[in-house]
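**Q** Just the structure for this:
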Amino acid sequence: MQFIQSLRILDGLSENTLSAYQNDLKNYQAWLNLQGFSDLLSISSAQLEDYVFALFEQDKQPKSIARAISSLKRFYQFCVVQNLILQDPAALLKPPKLSAMIPKVISESQIEALLNAPDVLSVLGLRDRAILELAYSSGLRVSELVELPYEQINLSAGLVQVTGKGNKERIVPVGEEAIDWLQKYLQTSRPSLVKQKWVGTLFVSRIGRPMTRQTLWHRIKHLAAEAGIVMNLSPHSLRHAFATHLVNHGADLRTVQLLLGHADLSTTQIYTHVAKARLQALHHKHHPRG
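**A** This is a model prediction of the structure:
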């Protein structure tokens, strides 16, 4: 690839770094192919943002996401210099802050405010409340929420069957409060949205179609703003809160790992650091010699 050659000659990058750039672009190309696109030079900034969103959905580490964004930015800068494209679609992409390896977690009081933000007297508000309750109750990814099939939730048993990364299935319990709101959504809100159509997914859009990840994420950010939550949320904020609050209340890591669907326990161990950080903050705040 001409881009990699230019990095080798002009920038003098190591072979390991060049290999990392090449792998990042291959992964990006593979993702584009799955979306039905093949030409890297005809991509919009919105599609690039979707790709970064997908990296978050895959539980990639901030370092990996930052490097992938760096690869894309350098690639498209090269394309502009070479007159292959007129505008740089990656110009506004921002990498995650590497200092924030431990995710900022919404407090339990903020979660309560967020859950109470939707207007449950409206069709869409009731739907949003059911979504938020299920997300916080079960720790599902945004993609798992929007893709959850209607028949894979068993409210009488209080369980949901989730198909996660790598098509791996897991069974996750659903809390009583979430069950209550889901029943209300299924009885009134969902039928009025889908009307006479058959829709396979549990949650649907305002026009009775399956929701997109972006639509759901925009709804959550809007509701967070209405709830007065000023911190920057990520697509995983409710998932992080679910796991952190479990650990804070005594859940063991193995249980949290199974609930989140992490293949490796090391991925789950970040929540012990979150819990320790919280304990240290409480100690410093309340202990007379803290």
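
**Q** can you list the domain ranges for this protein.
**A** The chain breaks down into these domains under automatic domain parsing: 2-96, 108-286.

**Q** right, so those: which one is the most enclosed?
**A** Highest mean neighbour count among the domains of the chain (mean count of other C-beta atoms under 10 Å): domain 108-286, with a mean of 17. All C-beta atoms are positioned from the backbone trio N, CA, C, and that covers glycine.

**Q** circling back to that earlier point, adding mean pLDDT, write the domains of the chain out as TSV.
**A** Formatted as TSV, the domains of the chain follow (pLDDT from 0 to 100):
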stretch	mean pLDDT
domain 2-96	84
domain 108-286	86
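
**Q** which residue ranges form the helices in this structure?
**A** 2-6, 15-34, 45-57, 62-81, 108-115, 123-138, 142-147, 176-184, 190-194, 213-226, 237-248, 253-260, 265-268, 270-286 (DSSP state H).

**Q** Let's have these in TSV, adding distance to Pro95.
**A** Below are those laid out as TSV (distance: least, C-beta to C-beta, whole Å):
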stretch	distance to Pro95
helix 2-6	19
helix 15-34	12
helix 45-57	9
helix 62-81	4
helix 108-115	26
helix 123-138	26
helix 142-147	20
helix 176-184	34
helix 190-194	37
helix 213-226	19
helix 237-248	18
helix 253-260	24
helix 265-268	20
helix 270-286	19
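
**Q** just so I know, which of these lies nearest Ile153?
**A** Closest to Ile153 of the helices of the chain is helix 176-184 (C-beta to C-beta; 7.1 Å).

**Q** Show residues contacting the closest one.
**A** 120, 126, 129-130, 133-134, 136-138, 153, 155, 158, 174 (C-beta atoms under 8 Å, 6 or more residues apart in numbering).

**Q** now the angle from that helix to helix 108-115?
**A** Angle, helix 176-184 to helix 108-115, by axes from the mean of the first three to the mean of the last three C-alpha atoms, to 10 degrees: 0 degrees.

**Q** export helix 176-184 as CSV, just CAs?
**A** The C-alpha trace of helix 176-184 is given here as CSV (Å, rounded to 0.1, in the frame of the first residue of the first chain):
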residue,chain,number,x,y,z
GLU,A,176,-38.3,-6.7,39.1
GLU,A,177,-38.5,-3.0,38.3
ALA,A,178,-37.3,-3.6,34.7
ILE,A,179,-39.9,-6.4,34.3
ASP,A,180,-42.7,-4.1,35.5
TRP,A,181,-41.8,-1.4,32.9
LEU,A,182,-41.2,-3.9,30.1
GLN,A,183,-44.7,-5.3,30.8
LYS,A,184,-46.2,-1.9,30.5
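
**Q** when you give positions from now on, start the count at 524
**A** Sure thing, new numbering starts at 524, so read that last one as helix 699-707.

**Q** what angle do it and helix 646-661 make?
**A** 150 degrees.

**Q** Of all the helices of the chain, which one is nearest Val685?
**A** Closest to Val685 of the helices of the chain is helix 665-670 (C-beta to C-beta; 5.3 Å).

**Q** Show me what the closest one is packed up against.
**A** Helices and strands touching helix 665-670, by 3 or more C-beta pairs under 8 Å, 6 or more residues apart in numbering; DSSP states H and E, are helix 646-661, strand 682-686, helix 736-749.

**Q** May I see those organised as JSON lines, with distance to Thr540 added?
**A** Listed next are the helices and strands packed on helix 665-670 as JSON lines, based on distance: least, C-beta to C-beta, whole Å:
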{"stretch": "helix 646-661", "distance to Thr540": "38"}
{"stretch": "strand 682-686", "distance to Thr540": "36"}
{"stretch": "helix 736-749", "distance to Thr540": "31"}
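
**Q** among the ones you listed, which is nearest Val575?
**A** Checking those against Val575 by C-beta to C-beta gives helix 736-749 as the closest, at 11.8 Å.

**Q** Let me see the residues that make contact with that closest one.
**A** 573, 576, 580, 637, 640-641, 651, 654-655, 665-666, 668-669, 726, 728, 756, 758, 760-761.

**Q** export it as CSV, just CAs?
**A** Output in CSV follows, covering the C-alpha atoms of helix 736-749 (Å, rounded to 0.1, in the frame of the first residue of the first chain):
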residue,chain,number,x,y,z
ARG,A,736,-27.8,2.1,17.7
GLN,A,737,-27.3,5.7,16.8
THR,A,738,-31.0,6.5,17.4
LEU,A,739,-31.0,4.8,20.8
TRP,A,740,-27.7,6.5,21.8
HIS,A,741,-29.0,9.9,20.9
ARG,A,742,-32.2,9.3,23.0
ILE,A,743,-30.1,8.3,26.0
LYS,A,744,-27.9,11.5,25.7
HIS,A,745,-31.0,13.6,25.3
LEU,A,746,-32.6,12.1,28.4
ALA,A,747,-29.4,12.5,30.4
ALA,A,748,-29.4,16.2,29.6
GLU,A,749,-33.0,16.5,30.7
